[in-house]
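J.: Give me a model of this one.
(chains A and B)
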Protein chains: 2
Amino acid sequence: MKTDIITIGNEILIGQIVDTNSAWLANELTKIGTEIRQIISISDEEQEIISCIKNSKKHADLIILTGGLGPTNDDITKKTLAKYFNSKLVSNKEVLSDVTNFIEKRNLILNKQNIKQAEVPENCKVIRNSHGTAAGMWFEMEKTILISLPGVPHELFEMVQKSVIPLIKKHFTFSNIIHKTIQTYGVSEAMLASKIANWENDLPTKMKLAYLPAPERLRLRLSYIADDNQIGIQLINNQIKKLKDIIGKYIFGEDDQFLHEVIGDKLRELGKKVTTAESCTGGNIARLIVSVPNSSDYFDGGLVAYSNKVKNQILGVKQETLDNYGAVSKQTVEEMALGALKLFQTDYAIAVSGIAGPGGATKGKPVGTTWIAVADNKKVLAIKYVFGDNREINIRFATNTALNLLRRFI
Amino acid sequence: MKTDIITIGNEILIGQIVDTNSAWLANELTKIGTEIRQIISISDEEQEIISCIKNSKKHADLIILTGGLGPTNDDITKKTLAKYFNSKLVSNKEVLSDVTNFIEKRNLILNKQNIKQAEVPENCKVIRNSHGTAAGMWFEMEKTILISLPGVPHELFEMVQKSVIPLIKKHFTFSNIIHKTIQTYGVSEAMLASKIANWENDLPTKMKLAYLPAPERLRLRLSYIADDNQIGIQLINNQIKKLKDIIGKYIFGEDDQFLHEVIGDKLRELGKKVTTAESCTGGNIARLIVSVPNSSDYFDGGLVAYSNKVKNQILGVKQETLDNYGAVSKQTVEEMALGALKLFQTDYAIAVSGIAGPGGATKGKPVGTTWIAVADNKKVLAIKYVFGDNREINIRFATNTALNLLRRFI
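T.: Model prediction:
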C-alpha cells in the first residue's frame, strides 16, 4: 500500500522552515506498514495543488496533504479541494462546536474568520481537531483516499495518533509488521555497528535492522513481517536477548523512552530525588526532567549557575577552586554537584560545566570540553568529555551524557 | 526561473532522517532569485528516479538531484542518469585526481570502489568535490539543466556555494525577488489578519504576504518581484512602515531573530542583567537565553523552583503566601520575581508559575493557567494567562510569553 505525503506552503519552498512534519508522518506511517512513495512540498497555489494530487493519484493508494488550512487568505487548501471535488463548502456542526470551544477556552471572542474555519467541503468526512481551529478532512476517490490535515505540528501529531492512524488501519489491509526499538547511549554508530556485525549477519532474512542516530540517543529498530503476531514478537525478543548480551551496558531502554524519562521512572521507584547545577547546559537538563508529567515526584528544582559569581555565591564553589582550576574543571564540577546536593537537600545531583562555544576556548581546553559530575551523599564522580564545535549540539550532548552518567551511577 | 529539488534516498521516506539539505538548498536558491516549484523525496529506485525527472522536466528550468552517489550498491543515481541520457560511464581524470587526493590525505589506500567513484556519464560537465569521493554532475537538456550532487551535507554545502551557485547565475537570467520578514508575538493569526485586513488588501499586486505561525513567534513575510532592487526594497519598507503603525506593539523584530535573541541584544545594549525563577517552564527560559553565544554578558544564572519547598527556602516566597494563594497565583509569582532579583542581584527578573498539565488543575485554575511576573528594582508586574491543555505547548507558550512580557517591560 503506497502513500504520498504532500506538504503545502511556500515557507518550505523558500527554505524558511525545515519540513519536520513529513519526516514524523513518514515514520508513523512506516510503522503501521505503509510504504511512502514520495514526499512532496508544493506552494500555496491552486494549480500546483491540483496537478500534484492528479499526479500522485496515479500511483498512490493514500495521499496525505498537510498545511494551508489556516484562517488567512494565503491558506487555500480547503477551497481548492472543494473545487477539485466539485463540492461546495458547508458549515459543519461538529467543527463549529470544536472551534467555538477552542476559542472560548482562551477567553477570545468568536470572529468571522473563526466561523469560516467550520466550513468544509460537503463530500468529506471530518477529522476533529481539539488543539486548533482547522479540522482534518477525509475524501474517498475511486481508488485512492485523500486526507487533508493542518500543518501546525502539535495539531497534526495529535490528530494523526488519535484519529488518522486508526482510520487508515481500518480502511486498508496491511501485512503485519512488528517493530521493536532499543535505545542506546554512549556509543557511536560506527562502533556499535562493528560490535554487533556478527549478530546482524545472523538475523533471520525477513528481519531488518535500522540505525537511528541523534544526540539524544542511538536507536536500533528491528522490523519483522510476520503472519503470526505472537511468533513474530517471540523471534524479535530472542534477537534482542542476544543483543543485550553483546551491548547491554549501552542499552538504557526499549520502545520510545528518552533518558530523562527512564531516569524519572527509576527515581520514582527508588523514592529518591535529584537536582541539577548547570553551567553550559543552561537549564536544559532541568527542562527535560520537568517536561515529564509528575516529575515533581523526584525533582524539586535546580540551579542554572552560568557565571562564576553564581557558582561561588549561591552554590558554594570555593573562589580558590575557580581561580586555580577554572570553571571547566574536575574540581569545580565536583564542588558544584556537592553544593547542589546541600542547597536542594536531595539524594542525587548532576553538575555540568563546559565550553559550548563558539568562544571560550583556552590552552588545553578546546571548544566542546565539558566536565560532568554526579554525586550522592557518599561519593562524587566526575568525567571529562570533549564534544564538537557546534554550540547547540554540544549542549544536547552534554545534557544527555550527564543524564546517562546519572543512570549508570544510580 | 523554476527549480525542482529532488532528494534520493530511502532514509527520508521511512522518516529516519529529516530532509534538512533541501531546506538549505531552497534557501540558497531563493536568495539568488530562483523560484522553487517542488521539493520531492523519492526512493533509490531507477524507475522512480527516471519518472520523477521526466515529470519535473515538464515544468522546471532547473532540476537539482541530491543523494545516491555513494560507493555502495544501494547508490544508483549515477548509473541511472547514464541510462536516462543514453550515455556511458567513463573515468574522469579530474575526478580521479580529487578522489586520489582525498583518500591519500586520510592515509587510506585507493581501492576499487574509490576508482569507480571517478566514473561519470560521458555527457556531463563535472562539478568537483574536495570533501568527498562523489563528484557533482551538470547535464544540459533541451530546455532544462539537471545537476546531480552528493547528499552528505558538508560536501553538498561547499559544492553549492563554491561552484553550483556561480554556474547557475551564469547560465540563467533572474528576476529579482525581495523578501522581508516581520516578527510578532502576543497576537493570534486570526486576530492579526483581521487587524491588518485593509492594509493587506491595499498591497501592490506583485507583493505577497505570508503568515508563518509557531508558539515562538508569528512571522509575517512580504515578498516582491522587482526589476530594480533599490525600488523593491523601498516599496517593501514603505509597507512595513504602515504595518508598524497598525500593529507596532506586537512587533519585536525583523528578519530572523527570536525573542530571546532580541532581548539579549537589548540587555547588552543597556548593560543590564536578567535572572529567571521558573516553576512550570522548568529551566526552558534559562536554556533559551544560554543558547545564544556570549549570553554571559547579561545572564549569570537562574533558579528552577519547581516545588513549593524550593520556592520558599531558596527563593524566599513566604510560606503563608503559598498556603493562602497557592503556587499558581499573582502573589507567588511576584514574590518569586522579587526573590530572584535579590538572590541573583540582577536588574531584571522573570518568574513563571503555572499548571502545565495534564494533572494539577484545581477549581478555578484549569490546566494551562499560568502566572508570569517581571520585575526590576522599582516595580513588579504580574499577568495571568490561560494557555491550552498540552504540557509541551503550554511550556513553550509560557516561555515566550514571559520573554515577550520582559521585552515590553524593559
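J.: Can you tell me the SS state at A:His179?
T.: strand (DSSP: H, G, I helix; E, B strand; the rest coil).
J.: The nearest residue to it once chain neighbours are set aside in helix, strand or coil?
T.: Nearest residue to A:His179, sequence neighbours excluded (C-beta to C-beta, 6 or more residues apart in numbering or on different chains): A:Ser223, at 5.1 Å. Bear in mind the C-beta positions are built from the backbone N, C-alpha and C, glycine included. Under the three-state scheme (three-state DSSP), A:Ser223 adopts strand.
J.: A:Val333 now?
T.: Three-state call for A:Val333 (three-state DSSP): helix.
J.: pretty sure it is in contact with A:Ile372, am I right?
T.: Yes - look at A:Val333 against A:Ile372 with C-beta atoms under 8 Å: they come within range, at 6.5 Å.
J.: So if I had to pick from these two, which one is more boxed in?
T.: For A:Val333 versus A:Ile372, neighbours defined as other C-beta atoms under 10 Å in any protein chain shown are more numerous around A:Val333 (33 against 25).
J.: which parts of the stretch 51-200 of chain A sit against chain B?
T.: Counting by C-beta under 8 Å from any C-beta of the partner chain, the stretch 51-200 of chain A comes close to chain B at A:52, A:55, A:70-74, A:105-108, A:111-114, A:131, A:133, A:152, A:154, A:158.
J.: If any of the residues you listed are buried, put those into a ChimeraX selection.
T.: Restricted to buried positions by 16 or more other C-beta atoms under 10 Å in any protein chain shown, the ChimeraX selection for these reads:
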select /A:52,55,70,71,72,74,113,114,131,133,152,154,158
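J.: So which of the residues of the stretch 51-200 of chain A next to chain B are in helices?
T.: A:52, A:55, A:105, A:112-114, A:154, A:158 (DSSP state H).
J.: Have a look at the residues you listed and tell me the least confident one.
T.: pLDDT is lowest at A:Lys105 among those; the value there is 81.
J.: Isn't that one up against B:Val386?
T.: Yes - A:Lys105 is within contact range of B:Val386, at 7.3 Å (criterion: C-beta under 8 Å).
J.: Tell me which residues touch the residue in the stretch 101-250 of chain A that chain B sits nearest to, please.
T.: Relative to chain B, the nearest point of the stretch 101-250 of chain A is A:Gln113 (4.8 Å; C-beta to the nearest C-beta). When contacts are counted by C-beta atoms under 8 Å, 6 or more residues apart in numbering or on different chains, A:Gln113 touches A:71-72, B:190, B:193-194.
J.: between those, which is nearest B:Asp300?
T.: B:Ala190 (40.0 Å; C-beta to C-beta).
J.: which residues of the stretch 101-250 of chain A fall in helices?
T.: Using DSSP state H, counting those that start in this stretch, the helices of the stretch 101-250 of chain A run over residues A:112-117, A:153-159, A:165-171, A:189-195, A:197-201, A:229-247.
J.: looking at the ones you listed, which has the lowest confidence?
T.: Taking the mean pLDDT of those, helix A:189-195 comes last: a mean of 81.
J.: Give me the contact list for that one.
T.: Residues contacting helix A:189-195 (C-beta under 8 Å, 6+ apart): A:184, A:187, A:200, A:211, A:213, A:218, A:220, A:246-247, A:250.
J.: Distance of A:Phe157 relative to B:Ile393?
T.: Distance, A:Phe157 to B:Ile393, by C-beta to C-beta, to the nearest Å: 11 Å.
J.: neighbour count winner among those two?
T.: B:Ile393 (20 against 17).
J.: quick one: which helix or strand includes that one?
T.: Assigned by DSSP states H and E, B:Ile393 falls within helix B:391-409.
J.: Check which helices and strands that helix is in contact with.
T.: helix B:259-270, helix B:284-290, strand B:348-354, strand B:369-375, strand B:380-386 (3 or more C-beta pairs under 8 Å, 6 or more residues apart in numbering or on different chains; DSSP states H and E).
J.: Just send those back as JSON lines, with mean pLDDT and distance to chain A too.
T.: Listed next are the helices and strands packed on helix B:391-409 as JSON lines, based on pLDDT from 0 to 100; distance: least, C-beta to the nearest C-beta, whole Å:
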{"stretch": "helix B:259-270", "mean pLDDT": "96", "distance to chain A": "11"}
{"stretch": "helix B:284-290", "mean pLDDT": "98", "distance to chain A": "3"}
{"stretch": "strand B:348-354", "mean pLDDT": "98", "distance to chain A": "11"}
{"stretch": "strand B:369-375", "mean pLDDT": "98", "distance to chain A": "11"}
{"stretch": "strand B:380-386", "mean pLDDT": "96", "distance to chain A": "7"}
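J.: re the thing from before, residues touching the residue nearest to A:His179, list them.
T.: A:177-179, A:207-208, A:210.
J.: got a pLDDT number for it?
T.: Taking A:Ser223 on its own, its pLDDT is 86.
J.: Return the residues in contact with the closest residue to A:Arg396 other than its chain neighbours.
T.: Nearest residue to A:Arg396, sequence neighbours excluded (C-beta to C-beta, 6+ apart): A:Pro215, at 4.0 Å. Going by C-beta under 8 Å, 6+ apart, A:Pro215 touches A:393, A:396-397, A:400.
J.: count of neighbours near A:Glu392?
T.: A:Glu392, neighbours per other C-beta under 10 Å, totals 11.
J.: can I assume it is in contact with B:Pro293?
T.: No - between A:Glu392 and B:Pro293 there is no contact under C-beta under 8 Å: 10.3 Å.
J.: From A:Glu320, how far out is the residue lying closest to A:Lys318 once chain neighbours are set aside?
T.: Spatial nearest neighbour of A:Lys318, excluding adjacent residues (C-beta to C-beta, 6+ apart): A:Glu335 at 6.5 Å. Separation of A:Glu335 from A:Glu320 (C-beta to C-beta): 11 Å.
J.: got it, and A:Ser148?
T.: From A:Ser148 to A:Glu320 the distance is 65 Å (C-beta to C-beta).
J.: who has more neighbours, those two?
T.: Taking neighbours as other C-beta under 10 Å, A:Ser148 and A:Glu320 compare with A:Ser148 leading, 28 against 9.
J.: How about the contacts made by the more buried one?
T.: Counted by C-beta under 8 Å, 6+ apart, A:Ser148 has contacts A:65-66, A:69, A:77-78, A:81, A:124, A:136-137, A:139.
J.: and which of the residues you listed is nearest B:Gln234?
T.: Nearest member of these to B:Gln234, counting by C-beta to C-beta, is A:Thr77, at 33.8 Å.
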